[in-house]
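# Sequence first, then the predicted structure:
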Amino acid sequence: GAVVSQHPSWVICKSGTSVKIECRSLDFQATTMFWYRQFPKQSLMLMATSNEGSKATYEQGVEKDKFLINHASLTLSTLTVTSAHPEDSSFYICSARPGGTGYNQPQHFGDGTRLSIL
Amino acid sequence: DAKTTQPPSMDCAEGRAANLPCNHSTISGNEYVYWYRQIHSQGPQYIIHGLKNNETNEMASLIITEDRKSSTLILPHATLRDTAVYYCIVAGGGSQGNLIFGKGTKLSVKP
């Protein structure tokens, strides 16, 4: 159980285009989903937290107009990198926490999306 | 900043127990200790978590000291597939349980 699917696994696109990444919880409902970014040989950095039906909360230094997050249902969150540039190339990973009480429910992660901007 | 301290790397012989330590001396009373691991180019995998009691599941055991200032993740019989970066994270208590990843411990299981 607790499977999170992320799509696409990797994408290569030209500078200036927008890229959408989907994150789905397959066998549970997730009121909260998280988006992380990981550069080579570094740890994961939390970008934003999204709650179903409300605006995402972005971490300091993350541009909300560049990284658009939509959490329209209890099983789907999307991250759109708008007008992507080479410096946005990274490994983007989502996670989802099952709904219910308490902060002790563990987050479950997708397998990540490797984004390369040429 | 991460609120945990872990050794940057450890080696373990295949078939032996791997004991991964973690210090979290500033942990709050309502914060949990979570362990995840990340195999190269994949998303982190949840292993186990606990509050104050020791926990065991099919993957590992988690031993938390009585003062909760440190913990140890035990992989009872390490295999080559357990080679990964292991992250110890404390979370909970009012910040939506956000996970803040430190640098973790790179565990290398050797034949």
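Received the coordinates, thanks. Note that the structure is predicted; figures quoted are calculated from it, not measured. Numbering: from 1, shown residues only, chains lettered A, B, ... in the order given.

# Please name the nearest non-neighbouring residue to the residue at minimal distance from the centre of chain A.
For chain A, residue A:35 is the residue whose C-alpha lies nearest the centre (Cα atoms, centre = their mean; 3.3 Å). Once flanking residues are discounted, residue A:35 sits nearest to residue A:47: 4.6 Å by Cβ to Cβ, 6 or more residues apart in numbering or on different chains. (Each C-beta comes from the backbone N, C-alpha and C, glycine too.)

# Looks to me like the one you found is in a strand.
Yes. Per DSSP: H, G, I helix; E, B strand; the rest coil, residue A:47 lies within a strand segment.

# For the residue nearest to the centre of chain A, which three-state class applies?
Residue A:35 - assigned by three-state DSSP - is strand.

# List the residues that contact it.
Residues counted as contacts of residue A:35 (Cβ atoms under 8 Å, 6 or more residues apart in numbering or on different chains) are A:23, A:46-50, A:67, A:69, A:77, A:79, A:92-94.

# Kindly report the same for residue B:101.
A:36, A:43, A:44, A:45, A:46, B:2, B:44, B:87, B:89.

# Out of these, the closest to residue B:74 would be?
residue B:87 (15.7 Å; Cβ to Cβ).

# My read is that that closest one contacts residue B:33, right?
No. Here residue B:87 does not reach residue B:33: they are 11.0 Å apart, not a contact under Cβ atoms under 8 Å.

# The residue lying closest to residue B:11 once chain neighbours are set aside: how many residues sit nearby?
Residue nearest to residue B:11 in three dimensions, not counting chain neighbours: residue B:108, with 5.1 Å by Cβ to Cβ, 6+ apart. The tally of other residues near residue B:108 (other Cβ atoms under 10 Å in any protein chain shown) stands at 14.

# Since that was my last question, I'll sign off now.
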